[in-house]
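Need coordinates for the following:
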Amino acid sequence: MKVKVLSRNPDDYVRETKLDIQRVPRNYDPALHPFEVPREYTRALNATKLERVFAKPFLASLDGHRDGVNCMAKHTKSLSTLLSGSCDGEVGDDKTIKQWKMEAPGYGEEEEPLNTILGKTVFTGLDHHQKEGVFATCGQQVDIWDEQRSSPIRSFTWGVDSFSSVRFNPVEVILLVASYCVENPNMEVVFFRCLKADTHCLFSFMSTCPICVAAFCKCP
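Below you'll find the model as predicted:
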């Protein structure tokens, strides 16, 4: 009768101090890791893509966000000003519009909004007029707001669909709103003037992806 005794050395798996990294046993047998080669190929391919991203003509990487960037906007008059926004785990669908200072707060000061407007529905898009002190929001309806008032000066609705984006025309006082029809893959574009809905256009697409951004093309 033979008896085999299992003997384990504590030095092989016990940390000397609490700051040491926990040792994890691993079997390097290739038969147990059939996807090791494709995995390493994917890692090498991703590293090569990153090298191409940071190669010329790449200029710089701008830091400052703790989360992914969700929106970007450029200044209409200043070429050196670019605005970017991210949620950072703090932005929610709370039906509010907040106005902030462009200057950074001083040392020890908490950044508070200058004005907070409470709306009736969730907002999915916002755009400010380039010359006038008014801005527009969209969601279940399109609202036009004055900077000095806490209620919309004009509201527009079009059917039961909600709007996803709103933009001011840089030349005329017209709003371009893009909405997505759930029943069919179409993009509805509604042109609004100051007092009424002016025209309604329907564009058909083969794709079923929603139209998330509306924009005007400024012709020379």
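
measure the most centrally placed residue in the chain to Lys95 for me?
Central residue of the chain (CA atoms, centre = their mean): Asn70, 1.6 Å from the mean position. Distance of Asn70 to Lys95, given as CB to CB, to the nearest Å: 18 Å. Heads up, the C-betas are built off the backbone N, CA and C, glycines and all.

What ranges in the protein fall below the confidence cut-off?
Low-confidence segments of the chain (pLDDT under 70): 58, 89-93, 171-220.

Could you pull out the helices in it for me?
36-53 (DSSP state H).

Report the outermost residue of it with respect to its centre.
Farthest-from-centroid check, the chain (CA atoms, centre = their mean): Met1, 71.0 Å.

What separation do you get for Leu32 and Gly85?
Distance from Leu32 to Gly85, by CB to CB: 46 Å.

Spatially nearest residue to Phe156, not counting backbone neighbours?
Val142 (4.3 Å; CB to CB, 6 or more residues apart in numbering).

which residues of the chain fall in strands?
69-74, 82-86, 96-99, 115-118, 125-128, 134-138, 142-146, 154-156, 163-168, 175-180, 186-192, 197-204 (DSSP state E).

Tell me the bridge partners for the nearest residue to Phe163 once chain neighbours are set aside.
The shortest distance from Phe163 to any non-neighbouring residue, by CB to CB, 6+ apart, is to Cys138 (3.8 Å). Counting by DSSP bridges, Cys138 is bridged to Gly125, Val142.

Report how many residues lie close to Thr96.
13 (other CB atoms under 10 Å).

so Val142 sits right up against Phe163, yeah?
Yes: shown here, Val142 and Phe163 form a contact pair, counting by CB atoms under 8 Å, at 5.9 Å.

quick one on the thing from earlier: more neighbours: which of Leu32 and Gly85?
Per other CB under 10 Å, whichever of Leu32 and Gly85 has more neighbours is Gly85, with 12 against 9.

dump the residue contacts of the more buried one.
Val69, Asn70, Cys71, Met72 (CB atoms under 8 Å, 6 or more residues apart in numbering).

Mind doing that once more with 10 Å?
By CB atoms under 10 Å, 6 or more residues apart in numbering, Gly85 lies in contact with His65, Val69, Asn70, Cys71, Met72, Ala73, Val91.

Check the burial of the spatially closest residue to the fifth one that is not a sequence neighbour by counting its neighbours.
Using CB to CB, 6+ apart and skipping residues adjacent in sequence, the residue nearest Met72 is Ser84, 4.9 Å away. By the measure other CB under 10 Å, the count of residues near Ser84 is 12.

separation between Ser84 and Ala31?
On the measure of CB to CB, Ser84 and Ala31 end up 49 Å apart.

and if you look at Lys131?
71 Å.

higher neighbour count, the two?
With neighbours defined as other CB under 10 Å, Lys131 and Ala31 compare such that Lys131 has more, 9 against 6.

right, and the more buried one touches Phe168 too?
Yes: applying CB atoms under 10 Å as the test, Lys131 and Phe168 come out as touching, 9.4 Å apart.
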